[in-house]
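# The sequence and its predicted three-dimensional model are supplied below.
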Amino acid sequence: MHTHRIPKLLLSALFAMALLGGCKTESPWVKEEIKEQTDPVSLRGAKWNCLSIDSIALNNNQPLTIEFGADGNVSGFSGINRFSGSFTAGTGALAFGPFVATQIGGSPESRASEQRYLQALAKVKGFSLQGGLLRLMDGGKKPCMEFSR
C-alpha cells in the first residue's frame, strides 16, 4: 500500500515544480509591452485619447484626441474644433508644427479647455510609450500630457 504512495507523491511534486517553473518564465511579448518605446513609428496607427494635462485628469464629454500619420501630419479633436498640423519625431523626441483648426464657437469654459490642450501640445519636446500609455514631455523632460489608445 505504501509502495504506490511514494510514486504518486513524487509525481505530484514533479508536476508542481513544472508548473512553478513555467510561471517564472516571462513571454517575450510581455517584456516588449512593458518596455519603454521611443521609436516614432510606435505613435502611428491609433487614435490617442488625452487622459491628463499637467497631471490634472480630464473629464470631457468628448475625448480630446490626437492621431499621428505616417506622412508627418497630425490631426485630432481639441474639445470644440478639429485641428491638424505637422510633427517631427526622432527617438524619444517629438515636436509639433503650427496647427490649423476649424472655427466652431463654444462656451467660454470649452474654449479655455481647448486652448489649454493646444498650448500643452505646443510645449511638447519628447515622448515615451510604455504599457499602452503615451507620455508627452516638455523641454525639461517633465511629463505634461498623458494619452491612452
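Structure's in. What do you need?
# Find the helix or strand that the residue nearest to residue 113 when sequence neighbours are not counted is a member of.
Leaving aside its sequence neighbours, residue 113 sits nearest to residue 79 (CB to CB, 6 or more residues apart in numbering; 5.1 Å). Backbone N, C-alpha and C define where each C-beta goes, glycine included. For residue 79, there is no host helix or strand (DSSP states H and E).
# Residue 79 contacts residue 61, correct?
No. Counting by CB atoms under 8 Å, residue 79 does not reach residue 61; the two are 9.1 Å apart.
# what about the helices in this protein?
Remark: helices assigned in the chain by DSSP state H are 2-24, 28-34, 108-123.
# buried set for the last one?
Residues of helix 108-123 classed as buried by neighbour count (16 or more other CB atoms under 10 Å): 110, 113, 114, 116, 117, 118, 120, 121, 123.
# Kindly indicate which of those residues lies nearest residue 40.
Nearest to residue 40, judged by CB to CB, of the buried residues of helix 108-123 is residue 121 at 16.0 Å.
# Who is the nearest residue to the closest one once chain neighbours are set aside paired with across the strands?
Closest residue in space to residue 121, ignoring its immediate chain neighbours: residue 96 at 5.6 Å, by CB to CB, 6+ apart. Counting by DSSP bridges, residue 96 forms beta bridges with residue 87.
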